[in-house]
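Participant: here is a sequence with its predicted model. Questions after.
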Amino acid sequence: MSKFIDAVLLVLGASSCGAAVWFIANSTLSRRWTHHWVLSRLVGTSQHVPTPKQQEQSSVADFLDAIAREVHSGYSLTLAFVNTAERFPNLAWWTEPIAVHCIRGHSLANAIADTTPTNWTADIALATRTLSVASNGGYGIASTVEKSASILREREHIALERRAQTAQIRLSTSVLSWIPLVICVWVITRQSDTRTFLLSTPLGLMCIAVGLLFNITGRKWIARIARNST
């Protein structure tokens, strides 16, 4: 019975030690573990900071803002779309079919209606609907396009924050699940009594099996929550 109590205390001590190491490391290195650092290691996001020119051509929101500036300069919405599409080659798969119809003399609304959506994302669909409605004319065309760009930019910001938060959750899960295992393996290799109990008795084997089951289940559960949050 005393060996069982010792094993339970060992497991609890290893878990507590792992948690303590994590909290101390997190508080000490929180300045280093920034969102970009976490994303670069768990999500694969590059730490390279894009240049202003790359940022200008990086999103649908920037594309809409560029169209709004063209409209403010006196261009029609159709001509503004064609001019802006040339400066955003990364969006050519979406803008080029529409621009071709516009160059042939169609209005922007008709060009959009004649274009078949292919792999359009939610941002592309919102931008397309905004441009289609705004092309019908009326007051405040540029303001409508700018408001749509603001909505898309807010969506992008929320998505990036969500990805950063889920990446931190994955990092915390990795630390809290691996450190107790490492400590447990180390104790087994160093203490013969513990090794005999855990590896040579049914109760010890059951403790190892239950611990591994909880560990794996917890990791998968957290991973599922993180996926559903993105």
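Facilitator: Good, I have the coordinates. Numbering: from 1, shown residues only.
Participant: any stretches of this protein with poor pLDDT?
Facilitator: Counting by pLDDT under 70, the chain contains low-confidence ranges at 1-58, 138, 226, 228-230.
Participant: quick one, longest helix in it?
Facilitator: For the chain, the longest helix by residue count, based on DSSP state H, is helix 141-190.
Participant: could you identify the helix or strand that succeeds that one?
Facilitator: For helix 141-190, the succeeding helix or strand toward the C-terminus, using DSSP states H and E, is helix 192-200.
Participant: going by contacts, tell me the helices and strands next to the helix or strand just after that following helix.
Facilitator: Sequence order places helix 202-229 as the next helix or strand after helix 192-200, per DSSP H and E. Applying 3 or more CB pairs under 8 Å, 6 or more residues apart in numbering; DSSP states H and E, one finds that helix 202-229 contacts helix 2-28, helix 141-190, helix 192-200. (C-beta placed from N, C-alpha, C; glycine too.)
Participant: return the distance of the second one from the chain's centre.
Facilitator: Read that as helix 141-190. Here helix 141-190 shows a centroid-to-chain-centroid distance of 6 Å under the convention CA atoms, centre = their mean, to the nearest Å.
Participant: what's the answer for the last one, then?
Facilitator: Here helix 192-200 shows a centroid-to-chain-centroid distance of 44 Å under the convention CA atoms, centre = their mean.
Participant: between that helix and helix 141-190, how many degrees?
Facilitator: Using axes from the mean of the first three to the mean of the last three CA atoms, to 10 degrees, the direction of helix 192-200 lies 110 degrees away from that of helix 141-190.
Participant: other SSEs contacting helix 192-200?
Facilitator: Here helix 192-200 touches helix 2-28, helix 141-190, helix 202-229, going by 3+ CB pairs under 8 Å, 6+ apart.
Participant: per-domain residue ranges of the protein.
Facilitator: The record assigns the chain these domain ranges, following automatic domain parsing: 2-45+159-229, 52-158.
Participant: can you pull the buried residues of stretch 122-140?
Facilitator: By neighbour count on 16 or more other CB atoms under 10 Å, the buried set for stretch 122-140 is 123-124, 126-128, 130-132, 134-135.
Participant: and for that stretch, what are the contacting residues?
Facilitator: Applying CB atoms under 8 Å, 6 or more residues apart in numbering, the external contacts of stretch 122-140 come out as 59-61, 63-64, 67, 77-78, 81, 94, 107-109, 112-113, 117, 120, 141, 144-145, 148, 151-152, 155-156.
Participant: show the buried residues in the residues you listed.
Facilitator: Among those, the ones that count as buried by 16+ other CB under 10 Å are 59-61, 63-64, 67, 77-78, 81, 94, 107-109, 112, 141, 144-145, 148, 151-152, 155.
Participant: wait, what's in contact with Ile151?
Facilitator: Neighbour list for Ile151: Leu126 [criterion: CB under 8 Å, 6+ apart].
Participant: ok, now how distant is it from Ser59?
Facilitator: Between Ile151 and Ser59 the computed distance is 12 Å (CB to CB, to the nearest Å).
Participant: point to the residue nearest the middle of the chain.
Facilitator: Arg163 (2.9 Å; CA atoms, centre = their mean).
Participant: wait, Leu91 sits on Val60?
Facilitator: Yes: using CB atoms under 8 Å, Leu91 is in contact with Val60, at 7.0 Å.
Participant: what touches both of these two?
Facilitator: What both Leu91 and Val60 touch, as defined by CB under 8 Å, 6+ apart, is an empty set.
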